[in-house]
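Participant: pasting the sequence and the predicted model now:
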Amino acid sequence: MKIGLFIPCFMNELYPGASMATLELLERQGLDVEYPMSQTCCGQPMANTGCTKDLHELSMRFLDIFSKYDYVVGPTGSCVAMVRKHYAQFLDGIDGFEHLKTHTYELCEFLHDIIKVEQFDVSFPYKVGLHNSCHGHRELGLGSPSERNIPSFNKLESLLKKVRGLELVTLSRPDECCGFGGTFAITENAISAFMGNDRIADHLDAGAEVMTGADLSCLMHMDGLIRRQGKPLRIMHIAQILNGEAPHGTS
């Protein structure tokens, strides 16, 4: 099984630690992982701002780079949702796209649904709050949205429960938006910050020491608010926890 590792451009530039944790975590499962050096942005910012021509070109480039792999795996729900849910307007009917669309997975759903990891041989003795991001939770189906009357499930929770010593705290609103929303955080910055602070307060009220999730864009948004206000809460991508890393500043 050949895996094409899809690292979002902002993670490549700003969060190399979480990106490397993703690679190491996949390799720990005995997978053959390759990082195509020619990969660029998936085009989500262009989609948010109406730059259709640029998005078309980027989707074609993505297909050309990643269509040769058995699976494409990325550590972010929003960028994976871009490929699976929004490339069709440009790529439907083009050779290789159907395979790409059905074999591109967010990291947690790949671990949970495809290779079905039984246990992570790591320890994380901290109280953890899980942020269920909108794209992953609702577009990719990583968990059951609270507004739907369906049986409860959460793939991220299932994976975190396989880590020794980790205690998941209970949030009052487990799948509420953090307010990031890509360009929404720029055009409606006051509302975005208010929503982010609301989510942070929920985690702190629940006793979380660490906030995690599958979308570093959301975590980045809240980490900025946490740092500026000196809140006692640390941010980690779920790949770093499953890979056995400790929160920054601890041994």
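Facilitator: It's in.
Participant: quick check: domain ranges of the protein?
Facilitator: Each domain of the chain is listed here as a residue range: 2-114, 127-242, per automatic domain parsing.
Participant: mean neighbour count, distance to H248 and mean pLDDT for those - can I get that in CSV?
Facilitator: All C-beta spots, glycine's among them, are computed from the backbone N, C-alpha and C. Listed next are the domains of the chain as CSV, based on neighbours: other CB atoms under 10 Å; distance: least, CB to CB, whole Å; pLDDT from 0 to 100:
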stretch, mean neighbour count, distance to H248, mean pLDDT
domain 2-114, 19, 9, 94
domain 127-242, 18, 6, 95
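Participant: tabulate those (CSV), appending distance to D121.
Facilitator: Formatted as CSV, these follow (distance: least, CB to CB, whole Å):
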stretch, distance to D121
domain 2-114, 9
domain 127-242, 8
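Participant: hey, where'd the helices end up in the protein?
Facilitator: Counting by DSSP state H, the chain has helices at residues 9-14, 16-28, 44-48, 52-66, 77-86, 88-91, 97-102, 107-109, 134, 155-160, 184-187, 189-205, 216-229, 238-242.
Participant: to S123, which of those helices lies closest?
Facilitator: Distance to S123, taken as CB to CB, is lowest for helix 238-242 among the helices of the chain, at 10.2 Å.
Participant: present the helices of the chain as CSV; the columns should include distance to L171.
Facilitator: Shown next, in CSV, are the helices of the chain (distance: least, CB to CB, whole Å):
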stretch, distance to L171
helix 9-14, 25
helix 16-28, 22
helix 44-48, 26
helix 52-66, 34
helix 77-86, 18
helix 88-91, 34
helix 97-102, 32
helix 107-109, 18
helix 134, 15
helix 155-160, 11
helix 184-187, 21
helix 189-205, 5
helix 216-229, 13
helix 238-242, 16
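Participant: of all these, which one comes closest to Y126?
Facilitator: helix 238-242 (8.7 Å).
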